[in-house]
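Q: Predicted model, plus sequence, below.
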Amino acid sequence: MTTVTVLLVSHDGSRWLPAVLAGLARQTRPADRVVAVDTGSGDGSADLLRGRLGQDAVVLGRPEASYADSVRQGLATLPAPVEDEWVWLLHDDSNPAPTALEHLLEAAAPGVAVLGPKLREWPSLRRLLEVGVTISGTGRRETGLERGEYDQGQHDRIRDVLAVNTAGMLVRRSVLEEIGFDPRLPVFNTDLDFGWRVARAGHRTIVVPDAVVFHAEAAHRGIRRTDLTGRHFHRAERQAALYTLLVNGSTPGLPWRLLRLLVGSLLRILGFLLVRSPGEAYDELVALASTYLRPHRIISGRRARSRTATVSHGDVKHLLAPTWLPYRHGLDFVSDVAAAVVNQVGDLTEARRARGAPVVPAETGPVDEESESLAPDSGALARLLTNPIAGVFAVLVVLAFVGMRDHVGDGMLSGGALLPAPDAAGHWWSTYVSGRHDLGVGSTGPAAPYLLPLAVAGTLFVGKAWLVVDLIFLFAVPLASWGAFRFLRRLTGSWVPALLGGVAYGLVPVLSGAVAQGRLGTVVAALLLPWLAQAASFLVHPSADRRWRAAFRTALLLFVVAAFAPVAWIIAALATVLALVLLPEARRHPAPVLTGLGLGGALLLPWLVLTWAHHGVASYLFEAGRPASDLMGDLGPFDLLTGRPGEVGSAPVWLSAALVLGAAAALARRDTRPRVLAAWVLALVGLAVAVVLGRVEVTDPITGVVEPIWLGLPLVVAQGAFVVILAVVATGIRDTFAGRAFGWRQPVVAALGVGVIASLLGGLGWWAVTGAGDELDRRGVTSVPEFMTDAARAEPARGILVVRGDQADGFRHVLLRDRGLRVGDDSAFPTAEEQEPVSALVTTLASAPTAATSESLLDAGVQYVYAPRPVDPRLAGNLDSLSGLVPASALARGARAWQVDGSPVGRGYADGRSGGIHPWLVAAQLLAIVVTVVFAAPTRRRVRDR
Amino acid sequence: MRGAAGAGAALAVLLAAAGLSLLAPGSQQPDPAPPASGRVPVTSAVLGCPQLTAVPPRLTSSFTLGSAAGDLGGTGAVTGAPGSSPARGETAEVAADSEEGLAVTAEGELAQGLFGWRADSGPGRVAVVPCGAPRASWWFPGAGATVDHTSVLTLANLDQTPAVVDIRALSIDGPLDAGAAGGTGLTLAPGERTELPLADLLPSTDEVTLQVEADRGRVVAAVLDTVTEPDGVGVEWLPSLEEPARDLRLAGVPGRAVSRTLLVSNPTERATLVRIEIAGSSGRLVPAGVEEVSVEAGSIATVDLTDAVRGEPYAVRLRSQRPVVATLRSLTAGPEVGYAAPVTVLDGAGVVPVVGATQLQLAAGGQITRATARAVSASGEEVGSFRFSLGASSSATWRVPRRAAYVVVEPTQGRAYGAAVYAGRSGHPVVELSVDVRVPSVRPGG
């Protein structure tokens, strides 16, 4: 005679209990006895139970009691066990189907100690939750089901499993009492651990799919927060997983399991940080620490388990999840992410469709940023034809292609201040990370921080570094326009001024000559400034969350901009001070503003410190790229106002005159004056910085020559401010005048408007005609013959000394250890002081070399001397007459080359100086950047909360 | 009120912008190359003295070499003269009887101030040519490739590496093609010497300016010029320049001459105007009617200066828009031909050989100039001296004692340049002694 006692444990379950009790009452094989344990519910569950089951059937437990305690408490109220007595465990959220118990009992065979039903989701009823569970090597609960899999009978087969959920578990009372639940597992993994131990005790656990229990799975989804799960259900879950694995696993495998779980947990922590879930990362960390730092729990747990075990670990192994399963999940995750990205795009398209007719809506609610910035979707071609925004950007892209007509073909884009891009982005990584560089006489100088964003971008482009440089220079206008358009539209809420302003700003890098002169720093900074401005505009947002996220975003963008043009930080600091003084809303919440500025600078710290020590403070004033000061020319008042920092490759001043006049006239409009004044103050900051920098005398640490400073960035800032002013003042200007009587104002405004638009068109035309200028060109990396560069590449000690210039104007030299200097190498190049031995050698070669000179060349690691055309005759004569040097083939007409007899004796240039603290500083910086990225990312939507 | 405050702020902003823009930094050019970091003493020197297989008839030829006196040290050695190594101040004479030219090398302190020359002298006539240091570029104005006026180019490679030489020529009608006859890509093995009669190299041309450029290596070049007149043959070595210049000074124009022809060559690709000035004993003089001459691109212009100044030696100064090469040919009775050599203003001590009756002619630049000339004998003793005190743009001459072997000229004030005139006909510039080398500015940079 089989006896079944239902043991129902409830905690705040009044929401589900009526249905559960009804389900219990409907059983085709009624239970012989029902005992309910209520663990101090606050929602009247206990009364509800008493009403239905009677006063005696309900036991009151403590709220903090674990599931194991509750079950034990319930069992204690039962009369003495009889033969073939079963206990059916139910939760307050598990509603059994009418035939559940009947089917379970039918399947009960000798040797089977635990039977479990098929768990389906409640209330959707058809989705499968569990048909038996097991645990993977990483502690993950494995159901063997797809997420949200529908029950179509596909799993309806009675089979042996490691464990079944306690919700609906039918267990022999003797086994339950003998083995019991582990009180150290309050909620999670109680069943898994129990099942595992049951299996070790030599009993079978089977799942009976014909028996169905609907389960709300409340605790796991976090809908319910009990005192047991606390707020940190994730922590509890992980703690339980680690504990279960460590106490139940085999002893020989324990060290490996300890290590694996440690590494796995650390990786998970990193992963949670990357998706900006610091809370979960913290939970993971606490779970790890609380498990690993309390080894006595593991030891006593293992001891307890060995007491009940009768079969070996090997005999239950087949019930555990296969070892490859975690990797399969990893693959699934990657494909999930890809699918999510695709879905995101789909969502955006839907969002566009939903928005329908109005091209740009007014700023209303918290619309998703990306969906907002896109035009309505109606097919690419139709959009192009009907949507002016898409049309304008299409024209800009076409013009960019027109402008690059002279720059197609082989070779790397270089010239002016721009060095050729490296062959692969890996060069940027290694230069950035390495503490010493095989450049010239060998350098321990820090590589400039702009290599980091370049390396990241290059990696994204599958290592094609040249593509990054090409895109930056050849598509500077559309890229800069796009950022400016987005920013201005947000600022003005009106798309026409934003679009015109976007184009006007996009032209700044070209008209200023920054593109034509190969000014990587200015061009990249110009591309990023609108995004920086947009991020900074949220620093005064009413929502604290957005303010702080904006702070991290601002810091990150400021770091990147300042990495390319360090002067940006000075301008930002001045702007911050002025904003705190002049803007009440900035004063109200100064912390995010100061964080943005301070963290932006702090991310640069390793470079700032190392450069101070190595190259001197003057390096902070030079932008990315070579000084190329010969391209700068004279700088007059109009050049400053119209943003023309250089003579070569810049557009005529009058092309931007209307912009300046318009910005000045904009001050006359009263309703926009506060914003216009703010932008003017920013413009003044830019101009003031330009004036100051234009007047300081700075020695370039690499060349040792006093070089004028390229004023690209401050002037781009000023131009950007002018564009903002015009966009702001143009917004709604028609309405402003609509109500007024016709007077002198209307014609003046119209004339200025026509002037601004004419200069925009003029600028576009000028850009289309001149393209990227003459200075910038696709060239070979170096004119040095390949056989020399190959030799130097194979053995850096076989360097190539390249000497340019003549007796009258002086000589310049560069010692190559590879094919030539690439973007970024210039920043890590040894200082003039460090190169003094080479300078002395060249001086000797150019004046009065002696027989010992060729020995000195070998000592300095020089195998070849190369002089590009035109060669100074005296230098050539000296080298020709020098014994120990033989003429080598220079290939290029008019160039000369010599080979030094013998092989360079050791690498005299690499005297074993180590990189020192550099790698540590870089590691700290990378970590700080990752953290900043995490905090700058949008808050993750919690799937479980939905 | 708010409106007024806003307007005030607007005005302030505009004024600030205007003020800032007026503070524009102006010139953004990098600093010019820093001045040379100094000079270093010469520690080794090589001179090549030209040789011809066919020595002009009735002339005896010899090489003289030495290391000029002064406050320079005397260690090291001058080698080249068989059997003798002159000490500081002394000269050694070697007969030019071998087929090879003479290579003079000096090491140590004696390399400072090393000089040498070749003299071909006979009754009443003399031709002197300095021994030159190997270099890559040589210009020879005044050559010819006709029956009556012919020149022979001699080239020597003193280095241990081969030299590859291109020869180019300009004529009155423009550039000439010397490549067809083997004038380009001429290779001289280490130590090799070669002779090239211009008549073989060029089409028949009376006035030729010759350019010798070593594409690889360095050479020593010299050109012997022969002018045949109805009453005899005149022989002279052509003066040489390293590079064309926009400002040229020709010194050593003899006082008496049958004809004087100024030859100005313009090797550039654009025509140029050349202004002519004469520095005589009484100061600056502009020759009437020929103050200025226009020289076409790649061609030679001739100016007859026979009647410009008569009876006194003088110097000519040429100022041109573009770099030019020039000399002045004087034909004297005998017949004898002489060339005024382009000379450089002396920065330090200069030296000039004494061969027979020698007159030292020194001219001043645009300011008062003083210089001392000391005549030194072959044994190194001073045998006479003269103090030049010259007004701006004037010149003076000194008849050097015959016992002297050479004259050292030391400028003490102003800008002095000059030449020696031998037998009243042929000239030799005062060559600045190579004592030290200018060290160019050198800096890192691509």
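A: Arrived safely. What you see is a predicted model, and the numbers here were worked out from it, not measured in a lab. Residues are numbered from 1 along each chain as shown, chains lettered A, B, ... in the order given.
Q: C-alpha from now on. contacts and neighbour counts both.
A: OK.
Q: for the chain, which strand is longest?
A: I went with chain A, as the question did not name one. Of all segments of type strand in chain A, defined using DSSP state E, the longest is strand A:204-215.
Q: my bad, the chain I had in mind was chain B
A: Using DSSP E to define each element, chain B has its longest strand at strand B:314-332.
Q: Could you please name the strands that one pairs with and the direction of each pair?
A: As defined by DSSP bridges, the strand partners of strand B:314-332 come to strand B:245-253 (antiparallel), strand B:259-266 (antiparallel), strand B:272-280 (antiparallel), strand B:336-343 (antiparallel).
Q: List the strands paired with the longest strand of chain A, with their directions.
A: Sheet pairing for strand A:204-215, assigned by DSSP bridges, gives strand A:94-96 (antiparallel), strand A:112-121 (parallel), strand A:159-160 (antiparallel).
Q: hang on, the earlier thing: okay, the strands paired with strand B:314-332, which one's buried deepest?
A: Highest mean neighbour count among the strands paired with strand B:314-332 (mean count of other C-alpha atoms under 10 Å in any protein chain shown): strand B:336-343, with a mean of 29.
Q: Am I right that A:Gly633 is in contact with A:Gly646?
A: Yes: if you go by C-alpha atoms under 8 Å, A:Gly633 and A:Gly646 touch, sitting 6.1 Å apart.
Q: out of those two, which sits in the busier spot?
A: Counting neighbours by other C-alpha atoms under 10 Å in any protein chain shown for A:Gly633 and for A:Gly646 shows that A:Gly646 has the greater number, 26 against 17.
Q: can you count the residues close to the residue of the stretch 51-200 of chain A found nearest chain B?
A: Checking the stretch 51-200 of chain A residue by residue against chain B with C-alpha to the nearest C-alpha singles out A:Thr138 as nearest, at 56.4 Å. A:Thr138 has 19 neighbours, counted by other C-alpha under 10 Å.
Q: My guess is it contacts A:Gly264. True?
A: Yes: applying C-alpha under 8 Å, one finds A:Thr138 in contact with A:Gly264, separated by 7.3 Å.
Q: three-state assignment of A:Trp489?
A: No Trp there; residue A:489 is Arg. Assigned with DSSP: H, G, I helix; E, B strand; the rest coil, A:Arg489 falls in the helix class.
Q: OK, contacts around it?
A: A:Trp495, A:Pro497, A:Ala498, A:Leu499 (C-alpha atoms under 8 Å, 6 or more residues apart in numbering or on different chains).
Q: out of everything not next to it in sequence, what's closest to the first one?
A: What sits nearest to A:Trp495 in space, not counting adjacent residues and going by C-alpha to C-alpha, 6 or more residues apart in numbering or on different chains, is A:Arg489, at 5.6 Å.
Q: Touching, A:Val441 and A:Glu834? I think so.
A: Yes: between A:Val441 and A:Glu834 there is a contact under C-alpha under 8 Å: 7.3 Å.
Q: Please identify which of the two sits among more neighbours.
A: Higher neighbour count among A:Val441 and A:Glu834: A:Val441, with 28 against 15, using other C-alpha under 10 Å.
Q: Would you mind measuring from that one to B:Ser121?
A: According to C-alpha to C-alpha, to the nearest Å, A:Val441 and B:Ser121 sit 58 Å apart.
Q: Please apply the same query to A:Ala163.
A: A:Ala163 is 124 Å from B:Ser121, where distance means C-alpha to C-alpha.
Q: Please identify which of the two sits among more neighbours.
A: Neighbours were counted for A:Ala163 and for B:Ser121 using other C-alpha under 10 Å; A:Ala163 has more, 32 against 18.
Q: so who does that one touch?
A: Listed by C-alpha under 8 Å, 6+ apart, the contact set of A:Ala163 reads A:Gly132, A:Val133, A:Thr134, A:Asp191, A:Leu192, A:Asp193, A:Phe194, A:Gly195, A:Trp196, A:Thr205, A:Ile206.
Q: and the residue of the stretch 51-200 of chain A closest to chain B, what pLDDT?
A: Per-residue confidence (pLDDT) for A:Thr138: 82.
Q: Dump the C-alpha coordinates for the longest strand of chain A into PDB.
A: The C-alpha trace of strand A:204-215 is given here as PDB (Å, rounded to 0.1, in the frame of the first residue of the first chain):
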ATOM      1  CA  ARG A 204      17.900   6.100  -9.400                       C
ATOM      2  CA  THR A 205      16.300   9.400 -10.200                       C
ATOM      3  CA  ILE A 206      13.900   9.400 -13.200                       C
ATOM      4  CA  VAL A 207      11.800  12.000 -14.900                       C
ATOM      5  CA  VAL A 208       8.300  11.100 -15.800                       C
ATOM      6  CA  PRO A 209       7.200  13.400 -18.600                       C
ATOM      7  CA  ASP A 210       3.600  12.300 -18.500                       C
ATOM      8  CA  ALA A 211       3.300  13.900 -15.100                       C
ATOM      9  CA  VAL A 212       3.100  17.700 -15.700                       C
ATOM     10  CA  VAL A 213       3.600  20.400 -13.100                       C
ATOM     11  CA  PHE A 214       3.300  24.100 -14.000                       C
ATOM     12  CA  HIS A 215       5.900  26.100 -12.300                       C
END
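Q: ok now it, how far from the chain's centre?
A: Mean-position distance between strand A:204-215 and its chain equals 45 Å (C-alpha atoms, centre = their mean, to the nearest Å).
Q: for the record, mean pLDDT for the lengthiest helix in chain B?
A: As assigned by DSSP state H, the longest helix anywhere in chain B is helix B:2-22. What helix B:2-22 shows for mean pLDDT is 82.
Q: In space, what's closest to A:Gly513 - neighbours in sequence excluded?
A: In this structure, A:Gly513 finds its nearest non-sequential neighbour in A:Ser650, 3.8 Å apart by C-alpha to C-alpha, 6+ apart.
Q: and B:Pro287, that one's in a helix?
A: No: B:Pro287 is assigned coil when assessed by three-state DSSP, not a helix.
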